[in-house]
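**Q** Give the three-dimensional model of this entry:
(4 chains)
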2 protein chains.
Amino acid sequence: MYGFNTVSLDQKGRLAIPAKYRSCLIDANETKIIITKDPQYPSLKVYPESQWHEISSKLESLQGLDPIVRNLQWTILGNASVIEFDPNSRMLVLIPLELRKYADISDQKQISLIGMGNKFEIWNVNNWEMRQTGGSLSTEILDVVLPESIKSMSF
Amino acid sequence: MYGFNTVSLDQKGRLAIPAKYRSCLIDANETKIIITKDPQYPSLKVYPESQWHEISSKLESLQGLDPIVRNLQWTILGNASVIEFDPNSRMLVLIPLELRKYADISDQKQISLIGMGNKFEIWNVNNWEMRQTGGSLSTEILDVVLPESIKSMSF
DNA sequence: AAGTGAGTTGGTCTATAAGCCGGATTCTGT
DNA sequence: ACAGAATCCGGCTTATAGACCAACTCACTT
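**A** Have a look, this model is predicted:
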């Protein structure tokens, strides 16, 4: 799952996974994807199930009453939407309104998909453009000094 | 058990566990859940029995005269409410008034449920909204420097 | 230029949650 | 101890949101 795509959301907020990504998922025998918030930027991340399993178990094992850790857990785990799909279908997935609002795509028709190998990201077209050209985004969510324990982790 | 839900309490303070969570509990052969206070924030935590067993035994084994530890034990263990449910029903559970007051949902119709994998949390909708957007909550309970012994634990 | 595959849209149907209601059990007061 | 009342618990009905299905259009390929 690599590369850039511009696709459209329909009026119901549904996204059809592009064929390129779809075939990757099928080849890897994935049957579920998980959509959740990106803790740093106003965007969404989409993981195949196996990948999600890694992420979430790492995150859940981060114990502690540290507010930053709890924030990460809330953001990523607490907003995860698990979606099971039929490999034969078009993989039409409904992105929950809460997540659409977060990524600022609730009233957008066009959105950007960015393939990152084992996951892909969903961006507001304008925000992605700004990020590419070094402009400032409408919001940057997590802007704190991370504890060493999680600095080296990827989500 | 992942993701965000807004559900309603009925006039008597009862909560119907959402189907998403319900199926997870059934799959894991759980028949009891434990509701208790979150020591840090005005919210409640709901554990399936097996998970609770881990948490509570860790917490009970913490010996010492440290006031913070005793506080944690009082808050978490002392407020735990064990609820047995029928896997065939809607899993309607009555949240004790004391706990409803604590989470500031005693006169609320809508509440937020946040799935955290092996547990989920119950929040006042407004408090959750504030937390998400970085605003301040009506109360933050435990805001102290934690001893090393419990810093690494999660409840 | 036609056919195939992908993207998009709309409609329908089912599963789930919310509200209502009645029965049962417990607690209290006499 | 018994009766009344209040609280707790399960079932039933209705409305709605989400999942499924099918068709249409556009673009690309041969």
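**Q** Now stretch A:7-17 - C-alpha only, PDB.
**A** The C-alpha trace of stretch A:7-17 is given here as PDB (Å, rounded to 0.1, in the frame of the first residue of the first chain):
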ATOM      1  CA  VAL A   7     -10.800   9.800  -3.800                       C
ATOM      2  CA  SER A   8     -14.300  11.100  -2.900                       C
ATOM      3  CA  LEU A   9     -16.500  10.600   0.000                       C
ATOM      4  CA  ASP A  10     -20.200  10.200  -0.800                       C
ATOM      5  CA  GLN A  11     -23.000  12.000   1.000                       C
ATOM      6  CA  LYS A  12     -23.200   9.400   3.600                       C
ATOM      7  CA  GLY A  13     -19.500   9.700   4.500                       C
ATOM      8  CA  ARG A  14     -18.500   6.400   2.800                       C
ATOM      9  CA  LEU A  15     -15.200   5.700   1.300                       C
ATOM     10  CA  ALA A  16     -14.400   3.100  -1.300                       C
ATOM     11  CA  ILE A  17     -11.000   1.600  -0.600                       C
END
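**Q** can that stretch be found next to chain B?
**A** No - Stretch A:7-17 lies out of reach of chain B by C-beta under 8 Å from any C-beta of the partner chain, never closer than 15.2 Å. Just so you know, the C-beta spots here come from the backbone N, C-alpha and C atoms, and that holds for glycine as well.
**Q** For that stretch, buried residues please.
**A** Under the neighbour-count criterion of 16 or more other C-beta atoms under 10 Å in any protein chain shown, stretch A:7-17 has A:Leu9, A:Gly13, A:Leu15, A:Ile17 buried.
**Q** now do stretch A:98-109
**A** A:Glu98, A:Leu99, A:Arg100, A:Tyr102, A:Ala103, A:Asp104, A:Ile105.
**Q** Pop out the phi and psi values for the spatially most central residue of chain A.
**A** By C-alpha atoms, centre = their mean, chain A has its centre lying nearest to A:Lys45, at 1.0 Å. Main-chain dihedrals, A:Lys45, degrees, to the nearest 10: phi -120, psi 140.
**Q** dump the residue contacts of it.
**A** A:Ile35, A:Thr36, A:Lys37, A:Asp38, A:Lys119, A:Phe120, A:Glu121, A:Ile122, A:Phe155 (C-beta atoms under 8 Å, 6 or more residues apart in numbering or on different chains).
**Q** hang on, the second one in a helix?
**A** No - membership of A:Thr36 in a helix is not supported by DSSP: H, G, I helix; E, B strand; the rest coil, which gives strand.
**Q** what residues are up against it?
**A** A:Leu44, A:Lys45, A:Tyr47, A:Thr75, A:Ile76, A:Leu77, A:Asn79, A:Ala80, A:Ser81, A:Leu99 are the contacts of A:Thr36 under C-beta under 8 Å, 6+ apart.
**Q** Repeat the analysis, applying 7 Å as the threshold.
**A** A:Leu44, A:Lys45, A:Ile76, A:Asn79, A:Ala80, A:Ser81 (C-beta atoms under 7 Å, 6 or more residues apart in numbering or on different chains).
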